[in-house]
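Asker: need a structure here:
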Amino acid sequence: MVKSNQRVKGSDLELKEKVVAINRVVKTTKGGRAFSFSALVVVGDENGVVGQGMGKAKEVQEAITKGIEDAKKNLIRVPVSKGTIPHEQWSKSGAARIMIKPAAHGTGVIAGGSMRAVLESAGITDVLAKSMGSANPQNVVKATVKALSMLREPSEVAKTRNLSLKKVFNG
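Answerer: Numbering: from 1, shown residues only. This next block holds a predicted model:
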C-alpha cells in the first residue's frame, strides 16, 4: 500500500489521459518557418492517483504521446475521502496561484479549465477551487498538482502530533 503523497508506479494502474493544452511553436529559420507542438497532458485513475506531463514534437499526436509518457513518470497519490479533499490548500507555480477547498457531497467540481482536468483525473468529485494570477495552463496544472501533493490524511496529522484522531477533529 502506497502512503499518500508518494510517487506511484504507472504500469499497474488503469490510467485515463486528458489533453489540457496544445501549443503550436514556430521557429523562424533561414529556410522558412519550422513548426513544432507542445502538449500538456494529465493522467489519473480517478481513484486518488494523478500526474502531469509535457511532450514536445514535430507532430501533435507524437507530442501527446510523449506528454502521456512524461505524466506516467510523475504520478502522485492524493488523499480523497468521500469524494473530496481533507483540508483547504493553497499553492503557487510561477505567477499562477490556486486555492482548493473541501466541499459537501453533491457540490461537484467547481473549478475552471486546467484545474478541473487535474481534479477530475484525481477522482475528486466535490471541491471548490479558485485560480488567481496567471491563467497559463502549465503553471495552473503544476500548482494544482503541487497543492494535491501537499494534502495530508487526518490519520497522518494525528500521528505527527501524537494525538488521537478524535482530538484532531475536535481541537
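
Asker: ok now do the residue most central in space within the chain, which residues does it touch?
Answerer: Centroid-nearest residue in the chain: V145, 3.5 Å away (criterion: C-alpha atoms, centre = their mean). Contacts for V145 (C-beta atoms under 8 Å, 6 or more residues apart in numbering) come out as 50-52, 74, 76, 118. (Glycine included, C-beta is placed from N, CA and C.)

Asker: Tell me where the model's unsure across the protein.
Answerer: Counting by pLDDT under 70, the chain contains low-confidence residues at 1-12, 170-171.

Asker: try it again with 80
Answerer: Regions of the chain meeting the criterion pLDDT under 80 cover residues 1-13, 154, 157, 165-171.

Asker: can you give me the strands in the protein?
Answerer: 16-29, 32-44, 49-57, 75-77, 89-93, 96-102, 109-110, 127-133 (DSSP state E).

Asker: Now mean neighbour count and distance to L151 too, for those strands, in JSON lines please.
Answerer: What follows is the strands of the chain, written out as JSON lines (neighbours: other C-beta atoms under 10 Å; distance: least, C-beta to C-beta, whole Å):
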{"stretch": "strand 16-29", "mean neighbour count": "13", "distance to L151": "20"}
{"stretch": "strand 32-44", "mean neighbour count": "19", "distance to L151": "15"}
{"stretch": "strand 49-57", "mean neighbour count": "23", "distance to L151": "11"}
{"stretch": "strand 75-77", "mean neighbour count": "22", "distance to L151": "10"}
{"stretch": "strand 89-93", "mean neighbour count": "18", "distance to L151": "6"}
{"stretch": "strand 96-102", "mean neighbour count": "21", "distance to L151": "8"}
{"stretch": "strand 109-110", "mean neighbour count": "18", "distance to L151": "16"}
{"stretch": "strand 127-133", "mean neighbour count": "18", "distance to L151": "11"}
